[in-house]
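In: Got a sequence here, can you build the structure:
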Amino acid sequence: MNIRMSDVKKRKTGAILSAIAVIMVSLLLLVAILMANSEDPAPWGIVAIMVIIFGGTIVGVIVALLQRLGEVKKGEIDEASKY
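Out: Numbers count the residues shown, from 1 in each chain. Sure thing, here's the model as predicted:
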């Protein structure tokens, strides 16, 4: 059994699961805000800011996930462990 391959799988799985968790929480909060806004409307500027904040969080998490998967694929972590 190749230990490095199992480490790569663990690292990728951990990164993906944590990204999914953060995205789901952000989506849940965004939906809750929009549902609450439908019952008691807030100024559109406030709603727009909240959508931008949570949308930006989701985009940032996706970008960070792609960078992390690239680092794991290249083996940058294994190179850093040499020092």
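
In: who does the helix ranked longest in the chain touch, helix- and strand-wise?
Out: In the chain, with assignment by DSSP state H, the single longest helix is helix 3-39. Contacts defined by 3 or more C-beta pairs under 8 Å, 6 or more residues apart in numbering; DSSP states H and E place helix 3-39 against helix 44-74. Placement of C-beta: from N, CA and C, glycine included.

In: Okay, angle between the longest helix of the chain and helix 44-74 too, please.
Out: Relative orientation of helix 3-39 versus helix 44-74 (axes from the mean of the first three to the mean of the last three C-alpha atoms, to 10 degrees): 170 degrees.

In: got the buried residues for helix 3-39?
Out: Using 16 or more other C-beta atoms under 10 Å as the test for burial, helix 3-39 gives 8, 11, 15, 19, 22-23, 26, 30, 33, 37.

In: Show me the shaky parts of the protein.
Out: 1-6, 77-83 (pLDDT under 70).

In: List the backbone torsions phi and psi for residue 40.
Out: phi -130, psi 90 (degrees, to the nearest 10).

In: any idea how far residue 65 lies from residue 38?
Out: As judged by C-beta to C-beta, to the nearest Å, residue 65 and residue 38 stand 31 Å apart.

In: quick revisit: for the buried residues of helix 3-39, which one is nearest residue 69?
Out: Relative to residue 69, the closest of those is residue 15; by C-beta to C-beta it sits at 6.4 Å.

In: give the contact list for the closest one.
Out: By C-beta atoms under 8 Å, 6 or more residues apart in numbering, the contact set of residue 15 is 65, 68-69, 72.

In: hmm, which of these are the buried ones?
Out: With burial judged by 16+ other C-beta under 10 Å, the buried subset of the contacts of residue 15 is 65, 68, 72.

In: Could you find the closest non-adjacent residue to residue 73?
Out: residue 8 (7.9 Å; C-beta to C-beta, 6 or more residues apart in numbering).

In: nope, residue 55 is what I was after
Out: residue 30 (7.6 Å).

In: Who are the contact partners of that neighbour?
Out: Per C-beta under 8 Å, 6+ apart, neighbours of residue 30: 50-51, 54-55.

In: are any of those buried, and which?
Out: Listed as buried from the contacts of residue 30 are 50, 54; burial here means 16+ other C-beta under 10 Å.
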